[in-house]
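Engineer: Could you work out the structure for the sequence below:
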Amino acid sequence: MRKKVTKAIFPVAGLGTRFLPATKSVPKEIMTLVDRPLIQYAIDEARAAGIKEFIFVTSRGKGALEDYFDHAPTLEQELRKKGKDELLEVLKNTNMDSGAIAYIRQHKALGLGHAVWCARRLIANEPFAVILPDDVIAADKPCLQQMVEAYEETGGSMVAAMEVPKEKSSSYGMLDIQEDLGAMVSVKGMVEKPSVEDAPSNLAVIGRYILSPKVLQNLSQLKSGAGGEIQLTDAIAKEIENERGVYGYRFQGQRFDCGSKAGFLQATVSFGLGRDDLRDELLDYLQQMVGQQQAAQ
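Structural biologist: As a prediction, this is how the structure comes out:
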């Protein structure tokens with residue numbers, strides 16, 4: 001019987017320099033879309049997919065991220081005293097049970113592959129997920145849950161994939177497709193951030209992975225790849241020739257690149273419009289803004 005995916009790695013050691021000066025003192029992962037931090041969206045998605053153990057690869061200055069998942073007895077007591085039961089329920093989703101969460105330090109910024117490798121002792125010999133909190137995905141069925149269900153049929157390793165314009169190939173790991181199976185593709189190669197001319201397809205890897213534990217062994221043997229970093233895609237590519245192989249999964253949903261300012265703003269507007277308590281007021285404001293800009297032109 002195939003082992004279930006119950007562990008997930010969250011690489012959150014980055015400095016968030018594109019969001020300075022905010023990230024001088026606030027970890028990017030707890031910057032909020034509407035009223036929830038980026039990391040909460042990732043945690044909720046992982047829980048929906050059946051993840052039970054949460055492994056964070058952090059760095060110096062991430063103490064506020066760790067505190068976010070701790071209980072806040074004084075705050076909870078005040079809310080209880082004032083009868084604010086709805087807010088108490090909201091807080092429950094931010095608490096993590098003792099032993100369910102672990103923190104590993106990445107002392108040098110050597111790339112995503114290195115960050116995942118840092119958690120190897122907590123993974124042991126089990127399949128595991130990797131979630132990049134910068135990639136926020138709005139979907140009726142959470143993206144990782146879609147992938148876990150597909151993985152139960154295929155095994156091997158799986159990456160979330162989406163079509164991107166060819167001119168943006170140099171920003172992604174790109175898939176070389178062996179066979180298109182509809183929602184899934186079998187993969188015969190992966191190229192990290194190729195030029196437009198060298199991109200093997202327009203199908204890009206984005207921040208959701210289900211990986212064989214053998215990928216960790218591959219990472220142990222890798223030297224620096226593209227950009228002078230240890231690339232996770234290089235380690236995954238080594239699994240292509242194995243019996244179970246590597247698959248790309250075309251998920252259903254809308255991905256927002258919240259590692260960029262434009263993507264973060266787009267996600268904020270989209271999630272705001274999705275809220276019954278905010279939609280009308282926000283939509284009125286946006287329409288007014290568009291009208292004013294058109295009048296000015």
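Engineer: what packs against the strand or helix carrying Leu75?
Structural biologist: Assessed by DSSP states H and E, Leu75 sits inside helix 73-81. Using 3 or more C-beta pairs under 8 Å, 6 or more residues apart in numbering; DSSP states H and E, the elements in contact with helix 73-81 are helix 85-92. Every C-beta, even on glycine, is put in place using the N, C-alpha and C of the backbone.
Engineer: packing partners for the helix it packs on?
Structural biologist: helix 73-81.
Engineer: centre of the chain versus the helix it packs on, how much separation?
Structural biologist: Chain-centre distance of helix 73-81: 32 Å, with C-alpha atoms, centre = their mean, to the nearest Å.
Engineer: Likewise for stretch 187-197?
Structural biologist: 21 Å.
Engineer: Give me the distance between the two termini of it.
Structural biologist: 19 Å (C-alpha to C-alpha, to the nearest Å).
Engineer: cool, and stretch 113-123?
Structural biologist: 14 Å.
Engineer: Give me the buried stretch members for that stretch, please.
Structural biologist: Judged by neighbour count (16 or more other C-beta atoms under 10 Å), stretch 113-123 contains these buried residues: 113-120, 123.
Engineer: Now it: average pLDDT?
Structural biologist: Across stretch 113-123, the average pLDDT comes to 92.
Engineer: from the chain's centre, how far out does that stretch sit?
Structural biologist: 16 Å.
Engineer: residues in contact with it?
Structural biologist: Residues from elsewhere that reach stretch 113-123 (C-beta atoms under 8 Å, 6 or more residues apart in numbering): 7, 9, 11, 13, 53, 55, 57, 102, 104-106, 108, 130, 211, 213, 215-216, 219-220, 222, 225, 229-235.
Engineer: just to revisit the earlier point, could I get the buried residues of stretch 113-123 as JSON lines with distance to Asp35?
Structural biologist: Formatted as JSON lines, these follow (distance: C-beta to C-beta, whole Å):
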{"residue": "Gly113", "distance to Asp35": "34"}
{"residue": "His114", "distance to Asp35": "33"}
{"residue": "Ala115", "distance to Asp35": "28"}
{"residue": "Val116", "distance to Asp35": "30"}
{"residue": "Trp117", "distance to Asp35": "35"}
{"residue": "Cys118", "distance to Asp35": "31"}
{"residue": "Ala119", "distance to Asp35": "30"}
{"residue": "Arg120", "distance to Asp35": "35"}
{"residue": "Ile123", "distance to Asp35": "33"}
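Engineer: now, which of the contacts of stretch 113-123 lie within strands?
Structural biologist: 7, 9, 11, 53, 55, 57, 102, 104-105, 130, 211 (DSSP state E).
Engineer: Check the residues you listed and tell me the two furthest apart.
Structural biologist: Arg105 and Leu211 (21.2 Å; C-beta to C-beta).
Engineer: These two: which has the busier surroundings?
Structural biologist: Of the pair Arg105 and Leu211, Leu211 is the one with more neighbours under other C-beta atoms under 10 Å, namely 26 against 12.
Engineer: where does the more buried one sit relative to Asp257, distance-wise?
Structural biologist: Taking C-beta to C-beta, to the nearest Å as the measure, Leu211 falls 22 Å from Asp257.
Engineer: One more: Ile43?
Structural biologist: For Ile43, the distance to Asp257 - C-beta to C-beta - is 19 Å.
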